[in-house]
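Student: A predicted structure for the sequence below; I have some questions about it.
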Amino acid sequence: MSAATPTADNSLRSDATVISLVGFAHGTSHFFHFVLPPLFPWLMRDFGLTFTQVGAAMTVFFVVSGIGQALAGFVVDRVGALRVLYGGVALLSVGGLLYSAAQSYPMLLAAAAVAGLGNSVFHPADYTLLNRRVSASRLGHAFSVHGLTGSLGWAAAPVFVLAVAQALGWRAACMGASMIGFLALGFLFANRRTLQDAPRILPGDGARHRGGSFAFLGAPVVWMCFAFFFVAVMAFGGLQNFAPPIFRDAYGVTLAFATTALTAYLLGSAAGVATGGFFASHGQRQDRLVAYALSAAALCSIVLASGAVPSWSVVTLMAVMGFGVGFSGPSRDILVRRAATSTFGTGAFGRVYGFVYSGIDAGLALAPLVFGPLMDAGHPTYVLWGIATLQMLAIVAALSVGFRSRTAAVPSTP
């Protein structure tokens with residue numbers, strides 16, 4: 001056996017371990033995105049809320065998360081990603097306990113704020129760890145696993161939460177979610193040596209643009225990345241909060257069947273993310289891959305909104321839509337990495353990722369406020385038309401990001 005073989009094997013094993021642990025943390029984060037939405041019927045009954053009011057709890061969650069995420073990136077760059085990651089998982093777990101103890105609507109909103117603060121750290125911390133600890137040649141797969149575990153977290157939460165709520169009540173479901181969070185925190189802490197932070201700035205790769213910690217806000221490509229996440233994820237927010245009642249009211253199916261359609265979307269998204277990782281690292285045209293995938297998703301939204309298909313096809317169309325959205329994820333993340341490094345180098349990973357990915361929280365925060373009134377007014381198909389429109393806007397934003405990041409990289413080319 002050659003001397004180089006163990007090194008290569010260790011590098012692969014090390015990368016795989018880091019990718020798995022960071023993905024596990026991301027899955028925990030996404031699990032908590034879906035703790036409350038499946039419980040909306042119970043919360044509406046016990047607290048006397050409308051769709052708009054109960055959806056506002058998720059708005060609070062994601063408003064706090066979005067603001068916190070933009071700030072968390074600076075903390076990650078200063079104190080390290082791992083410490084920040086621990087704090088996020090702990091706060092999510094505490095948020096679950098507060099959900100279970102809520103005795104009023106204001107207490108529910110306060111619990112959502114605590115959980116949202118915990119959720120704010122994951123993208124700047126996760127992507128900083130991946131970019132600094134994983135070989136560049138494996139980043140496409142790293143981003144794929146990261147997105148895949150997030151989708152699996154989304155898919156697991158409704159199943160777990162509904163099963164516990166139906167058997168023991170919604171408070172027990174929130175308590176169970178909290179216990180999952182604390183177990184995840186313990187597992188990450190037990191593997192802390194593997195996730196120890198690399199140096200904050202990689203050798204020979206300082207920030208290319210100077211002008212202070214906030215200089216990245218002057219880069220148009222950063223704002224286009226933010227806009228892409230905002231519109232793309234706002235579309236998902238409509239499904240996250242209201243997909244079961246949408247299909248129940250629009251197609252006359254049972255709530256269980258409608259929930260199955262949402263699960264099909266989430267599983268399709270997971271499959272799409274896993275597949276997209278094999279394409280994301282090749283070439284320089286990830287924006288086109290994103291555009292193609294989101295075009296397929298938008299077409300499914302339009303077909304569903306038209307009401308021209310039989311009810312049994314809803315599950316299939318949702319699975320295809322989820323696959324298209326998921327497939328775009330790894331290419332999207334490579335796009336953002338290129339936009340960040342071509343403009344500011346690796347020293348600003350935390351703050352750039354924190355700001356850009358806060359567009360996710362902004363979109364998810366606004367979605368209940370936009371789509372909730374449509375549901376209250378009895379127009380579920382309008383939500384589907386809105387989702388299709390947002391997905392098409394995301395295509396335009398992705399193409400713009402690709403063009404701007406390639407343009408920004410030209411001056412640094414030897």
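Tutor: Cool, got the structure. Numbering: from 1, shown residues only.
Student: from here on, just use CA atoms for contacts and neighbour counts.
Tutor: OK.
Student: quick one: which helix or strand includes Gln53?
Tutor: helix 51-79 (DSSP states H and E).
Student: give me the helices and strands touching that helix, please.
Tutor: helix 40-47, helix 81-101, helix 105-119, helix 122-133, helix 349-376 (3 or more CA pairs under 8 Å, 6 or more residues apart in numbering; DSSP states H and E).
Student: just give me how far the shortest one sits from the chain centre.
Tutor: It refers to helix 40-47. In this view, helix 40-47 has its centroid 26 Å away from the chain centroid, taken as CA atoms, centre = their mean, to the nearest Å.
Student: one more: the third one?
Tutor: Going by CA atoms, centre = their mean, the spacing between the C-alpha centre of helix 105-119 and its chain's C-alpha centre is 18 Å.
Student: show residues contacting that helix.
Tutor: Contacts with helix 105-119, where a contact means CA atoms under 8 Å, 6 or more residues apart in numbering, come from 29, 47, 57-58, 60-65, 68, 87-96, 98-99, 102.
Student: what do you get for stretch 234-243?
Tutor: So stretch 234-243 is in contact with 34, 37, 55, 258-259, 261-262, 360, 362-368, 371-372, 383, 386-388, 390-391, going by CA under 8 Å, 6+ apart.
Student: next: stretch 366-380.
Tutor: Contacts of stretch 366-380 (CA under 8 Å, 6+ apart): 50-52, 55-56, 58-59, 234-235, 237-238, 241-242, 245-247, 249-250, 382-383.
Student: likewise stretch 325-338?
Tutor: 139-141, 143-144, 147, 225, 268-277, 279-281, 286-287, 289-291, 293-294, 297, 353, 398, 401-402, 405.
Student: identify each buried residue in the lowest-mean-pLDDT helix or strand in the chain, please.
Tutor: For the chain, the helix or strand with the lowest mean confidence is helix 4-33, at a mean of 77 (criterion: mean pLDDT, DSSP states H and E). For helix 4-33, a neighbour-count test (16 or more other CA atoms under 10 Å) marks 14-33 as buried.
Student: what is it packed up against?
Tutor: Counting contacts by 3+ CA pairs under 8 Å, 6+ apart, helix 4-33 packs against helix 81-101, helix 122-133, helix 139-168, helix 170-190.
Student: looking at those, which is nearest to Ala305?
Tutor: helix 139-168 (23.1 Å; CA to CA).
Student: what packs against the closest one?
Tutor: Here helix 139-168 touches helix 4-33, helix 122-133, helix 170-190, helix 255-280, helix 314-344, going by 3+ CA pairs under 8 Å, 6+ apart.
Student: so can I have CSV of these showing distance to Leu108?
Tutor: Converted to CSV, the helices and strands packed on helix 139-168 look like this (distance: least, CA to CA, whole Å):
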stretch, distance to Leu108
helix 4-33, 14
helix 122-133, 23
helix 170-190, 11
helix 255-280, 24
helix 314-344, 30
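Student: so where is the stretch 101-250 of the chain shaky, pLDDT-wise?
Tutor: Applying pLDDT under 70 to the stretch 101-250 of the chain flags the ranges 197-218.
Student: if you set the cut-off to 50 instead, what comes out?
Tutor: 199-211 (pLDDT under 50).
Student: for Leu195, give me phi and psi.
Tutor: The phi/psi pair for Leu195 (degrees, to the nearest 10) reads phi -100, psi 10.
Student: quick one on the thing from earlier: out of the helices and strands packed on helix 4-33, which comes closest to Ser301?
Tutor: helix 139-168 (19.1 Å).
Student: buried residues, that closest one. List them.
Tutor: For helix 139-168, burial by neighbour count (16+ other CA under 10 Å) applies to 139-162, 164-165.
Student: figure out how far the host helix or strand of Phe228 is from the centre of its chain.
Tutor: Element membership of Phe228, judged by DSSP H and E, is helix 220-251. Here helix 220-251 is found 11 Å from its chain centre; the criterion is CA atoms, centre = their mean.
Student: next, the buried residues of that helix.
Tutor: Within helix 220-251, the residues that count as buried by 16+ other CA under 10 Å are 221-251.
Student: do stretch 378-388 as well
Tutor: Neighbour-count burial for stretch 378-388 [16+ other CA under 10 Å]: 379-388.
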